[in-house]
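Visitor: Structural data only, the sequence is not supplied:
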């Protein structure tokens, strides 16, 4: 009998970690579902099934034990993040394409669990927004009230995609308006349109963001994530947006708007905190979060895409190894010498 | 007494499991059927056996004498007969055998004459010698000979003497019970250490989950009117690690690379070491027994005073292990190891035996890939990055593991404890460390071999050069003789051959050539028609030069004796000659 010390082990496992991440997403999902209807739940089911099937196939091809890895829950987190970042009425084949790409290419071709340099869900988003820009920009029109059957029909392609059903997100609408170059345009009059922009950001979207914030704080409380990445992300996004907003409030939206729009909260608490593709040292996490927040703002406001969070995180994934290397903390007893 | 405590980063809080064994007083373990005393029980040199099979020994009689300064004697734990001095398995994860003295007790338990020492009157060197002769070693785990730690580092003032009663490992309660029951003698032992080290203050650190021990120690300190501080430290594994306890009590961080904590003006002893040192000083008793916890999957867990050398299986039987017990764990569950068989004897550093079963220690779930969650880094008390070290250990990139300070790892097991992927991180680090050590040994061996080879080459070259020189000298002497003869012959025929006579100060090289030439000439003179006679001196010289070149190029070697043919070219070609 060979069993190395320690003989006592804490009751933790990879699947426990992943399940808790899923649980933390529930407040955000609930707010999302109440905003856009059950479509998001349909998408969650589609991505989960697609992810599990693809994962099983890849594990079999790679000769890995199915029962051990299929139950680790990591692929479910990926699936859920894809469902939550894609437009809720996106056709089924689009989310499936994204999911399959994420699992096969972004995860398993790099060596599977723990080996992927990029966050698989963000790879799926980036690939699909580059390949299918139109479909990836169609978000449900504000106040659109469709039942489960109607939404399913749209997702599954059994009902025609009518243009009036979908529209740009508040972020996208603002950018389009600003890009028209109308010098008399004023952001405050745009934001005054309560139908679209609600009280803070997008109408109803602020509650989704608040849901992610709540779940993220719970993850922090459970010590599954540390404060470094979310705080640095929020701080850098606030600083850059606040500075430009103070400089010219008619052309730049407020920090609060940016914080509660698009994927900022989801990105700050659930995606930028992905340990596999992110930084691991405390200082590295601060740099990672701050860089992601800054890049998200730049891409969002000056770039060509409606939201910049996904690209910002992928770009920071790219830098993570070198950031980690350069931010190694001094070890016990070596602090004054480092 | 209130004082500011410091914190160390990391640490874990495993279930303490101490209540099972700390409610009963220390019991005396019965005399075992035989005692196996491994000679190597402490860090440092292995004591030399000074008894042989058949010898009768008394209790406390020395059976192995210290080998060098960092070494401590071992003694017969009871009176009886030496059965054999032979290789037996010792309690070590390697499961390797080591030299042991096996004693069959005679049941009389008859003491040898004991000589106490007055440590205040005696010279420190004599006290150190006494402690070494009594076999006093650190009982906290590593087993460092105590006398080796009782001298302050030169030029560094001794600020704090720390007494470690933290006992942070789960299940173990032997120090707890020792402090509860024998606090007086522990404190007296601490006073001896204080007298020898002369520290500015003495701090006794005990984890706050041992209120009875803290109270007993405070009472003893007060009763003896000593200015020692008994400090309750927060219960957090591994607070009992020497460097962690130093950090908590003083705020000092001793780097992993620093060999001795005394270099930072602080020294740490276990409470058990202080107790046995006092027994040795005041009563002349060598270290032949210790207190240890028998717990785990047993019916009656408790602490026993046990003779060193008692087979662990016999000891475990006292606590009545449950039938599903499938192994014996020596030490705590965080850093201990399973012993290879129940005949393994208790040694000086054995503080706990735990009956192992799957209920207490469930089999580990299969290892998953690392997800870089960083839980290990947050748990590491030495602030290392275990997941990085794991990655490089796995890849056998040992240079990188050293860059990540793998040798600062104290193998406390915190990282493995918290890892959600169930990676046996400490195993990977032990593997990497032993590979690095093995490679360094190999490198040292190959460096030595290289040095040996180079020296051999040098020696051979020198010998060759010496030989060549000797041969050249001999050849020169011979050539001079022959040339003289030839000159005499030439003088007879009226020719002036004196120009051909080599000057005695000619160098060896030319001498050899001339000698060969002269001989060849003599031979030619003997057999050839005399058409080369009566040459003008410059003609003769030109002919000689041609001859010389031919000799050097081996063109006429058949005419030159083999000795000269080898000697001359070697002397010519070897640039070092």
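Guide: Ah, there it is. The structure displayed is predicted, hence computed values, not measured ones.
Visitor: what's the pLDDT at residue B:547?
Guide: pLDDT for residue B:547: 70.
Visitor: hang on, it packs against residue B:517?
Guide: Yes. Between residue B:547 and residue B:517 a contact is recorded at 5.2 Å, counting by Cβ atoms under 8 Å. Backbone N, C-alpha and C define where each C-beta goes, glycine included.
Visitor: neighbour-wise, which of these two wins?
Guide: For residue B:547 versus residue B:517, the count of surrounding residues by other Cβ atoms under 10 Å in any protein chain shown is larger for residue B:517: 25 against 20.
Visitor: Give me the pLDDT for that one.
Guide: 83.
Visitor: Check for me that it belongs to a strand.
Guide: No. Note on residue B:517: no strand contains this position according to DSSP: H, G, I helix; E, B strand; the rest coil, which reports helix.
Visitor: In this structure it contacts residue B:545, no?
Guide: No. Taking Cβ under 8 Å as the definition, residue B:517 is not a contact partner of residue B:545, at 9.7 Å.
Visitor: and residue A:213, that one's in a helix?
Guide: Yes. Residue A:213 forms part of a helix when assessed by three-state DSSP.
Visitor: show me the contacts for it.
Guide: Residues in contact with residue A:213 (Cβ atoms under 8 Å, 6 or more residues apart in numbering or on different chains) are A:265, A:269.
Visitor: For residue B:446, the count of nearby residues, please.
Guide: 10.
Visitor: Please apply the same query to residue B:30.
Guide: Neighbours of residue B:30 under the rule other Cβ under 10 Å: 13.
Visitor: Ok, residue A:15 next?
Guide: By the other Cβ under 10 Å criterion, the neighbourhood of residue A:15 contains 19 residues.
Visitor: for residue A:89, same thing?
Guide: Under the neighbour criterion other Cβ under 10 Å, residue A:89 is assigned a count of 25.
Visitor: Phi and psi next, for it.
Guide: Main-chain dihedrals, residue A:89, degrees, to the nearest 10: phi -100, psi 20.
Visitor: Got the domain ranges for chain B?
Guide: The record's domain parsing of chain B by automatic domain parsing lists B:27-32+B:122-356, B:375-438, B:448-573.
Visitor: Distance across the second one, terminal residue to terminal residue?
Guide: Right, domain B:375-438. Across domain B:375-438, the straight-line distance between its terminal residues is 31 Å, by Cα to Cα, to the nearest Å.
Visitor: if you average pLDDT over that domain, what comes out?
Guide: Average pLDDT, domain B:375-438: 93.
Visitor: next one: that domain to chain centre, how far?
Guide: Taking the mean C-alpha point of domain B:375-438 and that of its whole chain, the gap between them comes to 22 Å (Cα atoms, centre = their mean, to the nearest Å).
Visitor: Quick check: residues of the stretch 51-200 of chain B near chain A?
Guide: Residues of the stretch 51-200 of chain B lying near chain A by Cβ under 8 Å from any Cβ of the partner chain: residue B:170.
Visitor: so where's the stretch 1-150 of chain A shaky on pLDDT?
Guide: Scanning the stretch 1-150 of chain A with the threshold set as pLDDT under 70 gives A:1-3, A:141-145.
Visitor: Which parts of it are helices?
Guide: Counting by DSSP state H, counting those that start in this stretch, the segments of the stretch 1-150 of chain A that form helices are A:14-36, A:39-62, A:66-70, A:74-85, A:92-101, A:120-131, A:133-136, A:148-155.
Visitor: that older thread, overlap in contacts of residue B:547 and residue B:517?
Guide: Taking Cβ under 8 Å, 6+ apart as the contact criterion, no residue touches both residue B:547 and residue B:517.
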